[in-house]
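Engineer: 3D model of this:
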Amino acid sequence: MKTKQEVYTKESFEIGKWAINLNTNTIFWDAKTRELFEVNEDFIPNFKNCTHFINRKNFIAFKTIINEAFKNNVPSFGKIQIITANKTIKLLECICQIELVQNQISRIHGTFKGVNQPKNIEKDLCLLSLIGSETTDSIIITNTEGEAIWANQAYMKLSGSTLPKIIGKKPDFFCFSPQINSETLNKITQSIQQKTATKVVFHHFDKQNQKYWLELNITPVFNENGICSKFIAIGRDITATKEKEIELKELLEVTSQQNNKLLNFTHIVSHNIRSHTSNLQMVLDVIENTDDTNEKLTFIDMFKEGTEKLAETVENLNEVITIQKNSNINKTSVHLKSEIEKATSLFYNKIAITQNIPGDLSINVIPAYLENMLQNLVTNAIKYQSPERIPRLEISYQNQDNYHIIVFKDNGLGINTEKHKHKLFGMYKTFHGNDDAKGIGLFIVKNQIEAMNGKIELESTEGLGSTFKLYFDEK
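Structural biologist: Numbering: from 1, shown residues only. Model prediction:
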């Protein structure tokens, strides 16, 4: 049985030989060198497969040893770090000398000797190597110029490339697509220029050109002199997390909208219905306390008017509730141009209407809702026309972000949107003091379009006219 001293002596002093013949472009390793690199006995080294054992930093160190031997025409010495075929990190002492033919290098040869490292350091290096190789996060190390000097398996899988093709190139993380916003790009560029750490989240593309969410952490590494020597970039696919975050945000927005509708509904119930019932109660008190028959008949007419207004309010509230309950009704495909012609046919003698709707366009809607919205926006253009000019209404079509958009542009009275921005589309909110204005039409339109996952927008200038846009969701 060998003693520890014998094993130490054998490991420390057995030397592997190597040679590079530049005339034949071949590489020679003896048996000990193969043992140091942990390859099979029949392994034949060449310029391509040797790059798997050494990263760019240590390759540069190896070239420096060769250049020193050429420059001084004497054997040179140095140390390089390798990663063996079994993924073991080893530190080798390298002696190199050259052979010249007519002052040109024809052969480079030398020796490798393994250097014993403290067991705890070797163990830590192995653990770090294992973590870097096996983590699902993509890791790449670059020099200060942004050129890759090492990458792990996850990065190679993501980029669809191999380590030899990656080394010396700018990482895929930094090859930004046009979709990346300038703020993100500027943040990364500034971090690299100023040698500071940063974290960004943006859409990126894998080797199949599939879009995913990437969280990228860039950290500068400084040497003992405080000079930045490299960058470590760690990329993580957070698509699942980001999609959940977006889903939660959308859910919160829906909840907020529902809460606003509930508050609005509660206000209407508490204010409008209470107002009607109070009026009815006062009329009843007068009827009970008067003996004059004619006066009683007069107040009975007022009581009747009050009950009609109460019934109208209840009917309006019921319609809102019905819209909310029917939000899951299946949509039907309708021919848009025909529906608009049908809705406007009765009003050509009251307003000049022009429309520019594609003749072959069909959209998916709840037909009754579409009919009400079209009729409401057309009659609004008539009801709130300017007395200073001939009333006109232009109906046109746009397509944007998977929305079919119907645009209603009139030249009527217009609305001061800044002044009334909190009242727009509110129930019983009016802006012009017309006797026939009830403030219910646009409120119903808003509820109906939102029940179909769409939206309504208003652009208006007081005294010039209004532009309503109905967005029909086709996503």
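Engineer: only C-alpha atoms for contact and neighbour calcs from this point on.
Structural biologist: Fine.
Engineer: just the strands in the stretch 51-200 of the chain please.
Structural biologist: 76-83, 89-101, 104-114, 138-143, 148-151, 198-205 (DSSP state E, counting those that start in this stretch).
Engineer: contact partners of the first one?
Structural biologist: This points to strand 76-83. By Cα atoms under 8 Å, 6 or more residues apart in numbering, the residues outside strand 76-83 that reach it are 37, 52-55, 58-59, 61-62, 65-66, 68-69, 89-97.
Engineer: one step back: please name whichever of the strands of the stretch 51-200 of the chain is nearest to Ser396.
Structural biologist: Ser396 sits nearest to strand 198-205 of all those, at 34.5 Å, using Cα to Cα.
Engineer: from the chain's centroid, how far away is that closest one?
Structural biologist: Averaging C-alpha positions (Cα atoms, centre = their mean, to the nearest Å) puts strand 198-205 9 Å from its chain's average.
Engineer: got it, and stretch 362-373?
Structural biologist: On Cα atoms, centre = their mean, the centre of stretch 362-373 falls 32 Å from that of its chain.
Engineer: give me the buried positions along that stretch.
Structural biologist: Buried residues in stretch 362-373, counted by 16 or more other Cα atoms under 10 Å: Ser362, Asn364, Val365, Ile366, Tyr369, Leu370, Met373.
Engineer: show me what contacts the first one?
Structural biologist: Think Ser362. Counted by Cα under 8 Å, 6+ apart, Ser362 has contacts Ser333, Val334, His335, Leu336.
Engineer: enumerate every residue touching the nearest residue to it once chain neighbours are set aside.
Structural biologist: Excluding the flanking residues, the one nearest Ser362 by Cα to Cα, 6 or more residues apart in numbering is His335, at 4.4 Å. The contact partners of His335, taken as Cα under 8 Å, 6+ apart, are Asp360, Leu361, Ser362, Ile363.
Engineer: Lys419 in helix, strand or coil?
Structural biologist: coil (DSSP: H, G, I helix; E, B strand; the rest coil).
Engineer: against Phe472, how distant is it?
Structural biologist: As judged by Cα to Cα, to the nearest Å, Lys419 and Phe472 stand 28 Å apart.
Engineer: which of the two has more residues huddled nearby?
Structural biologist: Neighbours per residue (other Cα atoms under 10 Å) separate Lys419 from Phe472, with Phe472 holding more: 22 against 9.
Engineer: state the helix or strand in which the more buried one lies.
Structural biologist: Taking DSSP states H and E as the criterion, Phe472 maps to strand 465-473.
Engineer: now that strand: average pLDDT?
Structural biologist: Averaged across strand 465-473, pLDDT comes to 91.
Engineer: show me what it is in contact with.
Structural biologist: So strand 465-473 is in contact with 363, 365, 377, 402-415, 449, 452-460, going by Cα under 8 Å, 6+ apart.
Engineer: direction included, what does that strand pair up with?
Structural biologist: Here strand 465-473 is paired, per DSSP bridges, with strand 403-410 (antiparallel), strand 455-461 (antiparallel).
Engineer: give me the neighbour count for Glu418.
Structural biologist: Using other Cα under 10 Å as the criterion, the residues surrounding Glu418 number 10.
Engineer: any idea how far it is from Lys383?
Structural biologist: From Glu418 over to Lys383 (counting by Cα to Cα), the distance is 22 Å.
Engineer: circling back to that earlier point, let's have the strands paired with strand 465-473 in CSV, adding distance to Asn186, mean neighbour count and mean pLDDT.
Structural biologist: CSV is the format used below for the strands paired with strand 465-473 (distance: least, Cα to Cα, whole Å; neighbours: other Cα atoms under 10 Å; pLDDT from 0 to 100):
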stretch, distance to Asn186, mean neighbour count, mean pLDDT
strand 403-410, 32, 22, 92
strand 455-461, 34, 17, 88
